[in-house]
Structures are given as structure tokens and as C-alpha cells.
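Q: structure, please.
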Amino acid sequence: MKKVYVFIDESYDPINFTFYVISAVWTEKEKLPGIIKNRALERFSHKVRRKKKFHFSDDPIEVKKVFLEEILKSKIDFGVLLFNKIPKTCEEYAYFYVVSVINSIPISNSLLTIIIKGIGRGCELEGEAIKKLQKRVPFRVYHTSAAAGSEIADYIASAYRLCLSRKEDFCEELEEKLKFKKFIEIGSKNN
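A: Down below sits the predicted model:
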């Protein structure tokens, strides 16, 4: 059974809420996200300190452009989920970040290591998720804020959300590289 590392992050605007966008970024090569990040850092090492963390909403345009270029030309896989509401309960976090990702990701015969940046701490995400899963895939959930894969997931979710409201140079290429895209309406009887 192969191991797959899945990094998850979200993007939304609480003031002008339209969609809660979650991106899932996955790879069998645990070090690939770090390699992508390092390639981007090397391209502007004179402007950015080596320990720089990428965060879409905080980074200047030239940094966004370089990191997105490195992500889009890489062999990393990703998809997006769009929700019509913001999660608030432990059950909702488990559904948004674990269940919907596992049910959407085109992977089988693998152990998924799901890495989430801080969301759902204090919540038994695995136990809550098992109750609603349609797909039977072995998985475990980790919380971290230090993973390069989480930075890539942040960029995918934020860039995709931006593309929903206005056309950017990277939007078409981003859309073409998506391995899945789903709108999930919370409140319907399927959830």
C-alpha cells in the first residue's frame, strides 16, 4: 500500500462571503512540496529570507507570481471544493476537511496522511469523519503550521477563490491542472 501526503487549506472572505474554498494538494513524494518551495525561494533569494513562509494574502504580487509558477509547473496534484457556508462545529470541520476531501480525491489503495494547518484542533476529526465517509480509505490526520505543502494548499485555495471573482493570468492554467472541482451545498440531504 502506498503512502500519499494530503495537505489541506482554505480561503474565504468573511465580509464578502461567496464561497468557502478548500484545496487539497497531494503527492506520494513527501519532500516534493519542500522542493517546490525551495525552487521559488531560489528565484528571488536576494529579496526574501530563506525561512520565508508563503501566504497568499500577505505576499506581494511578484512573490505570488513566482510561487504560483513553480506550483503550476510542478508534478504536484490538487483539487478544490467549494462550500456555501463556513464550518463552525467539530462535525462540520470533519466533513469539510476530511470527509469531502477523501470522497473527492482520485486515490485508492493508499494510506492518506492528511495534514491540516490548525483547523479543528481539539476536535476528534478522524472519529467524526469515519461516521460520514462513503469511500473506505485508511487515513490519519495531523495538525501543523510548518509544512510547505500547507503553503501550496493556501496558494491554490486563495488563487482559485480570486479566479472566481476576476480573471488573472494564471486562472486558465490553474483550472486545467485541477484533478477535481466540486461545489458542495451544505443543508442538502446528501450531507
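Q: residue contacts, residue 162?
A: residue 168 (C-beta atoms under 8 Å, 6 or more residues apart in numbering). For the C-beta atoms, the positions are set from N, CA and C on the backbone; glycine is no exception.
Q: average model confidence for the helix or strand harbouring it?
A: Element membership of residue 162 [criterion: DSSP states H and E] is helix 148-165. What helix 148-165 shows for mean pLDDT is 96.
Q: please apply the same query to stretch 136-144.
A: Mean predicted lDDT for stretch 136-144 stands at 87.
Q: tell me the buried residues in that stretch?
A: Neighbour counts over stretch 136-144 (16 or more other C-beta atoms under 10 Å) mark 139, 141 as buried.
Q: distance from it to the middle of the chain?
A: 14 Å (C-alpha atoms, centre = their mean, to the nearest Å).
Q: touching that stretch from outside, list them.
A: The contact list for stretch 136-144 (C-beta under 8 Å, 6+ apart) reads 1, 98, 102, 107-108, 110-121, 125-126, 129, 150.
Q: among the residues you listed, which are located in helices?
A: Of these, the ones assigned to helices by DSSP state H are 102, 125-126, 129, 150.
Q: give the partner strands of the longest strand seen in the chain in its sheet and their orientations.
A: The longest strand of the chain (DSSP state E) is strand 2-11. Strand 2-11 sits in its sheet next to strand 20-27 (antiparallel), strand 110-116 (parallel), going by DSSP bridges.
Q: okay, angle between the longest one and helix 148-165 too, please.
A: Translated: strand 20-27. With axes from the mean of the first three to the mean of the last three C-alpha atoms, to 10 degrees applied, the angle from strand 20-27 to helix 148-165 works out at 140 degrees.
Q: still on that earlier bit, which of the strands paired with strand 2-11 has the lowest average pLDDT?
A: Among these, strand 110-116 scores lowest, with a mean of 94.
Q: in that strand, what counts as buried?
A: 110, 112-116.
Q: kindly report the same for stretch 170-179.
A: Buried, per 16+ other C-beta under 10 Å, within stretch 170-179: 170, 174, 177.
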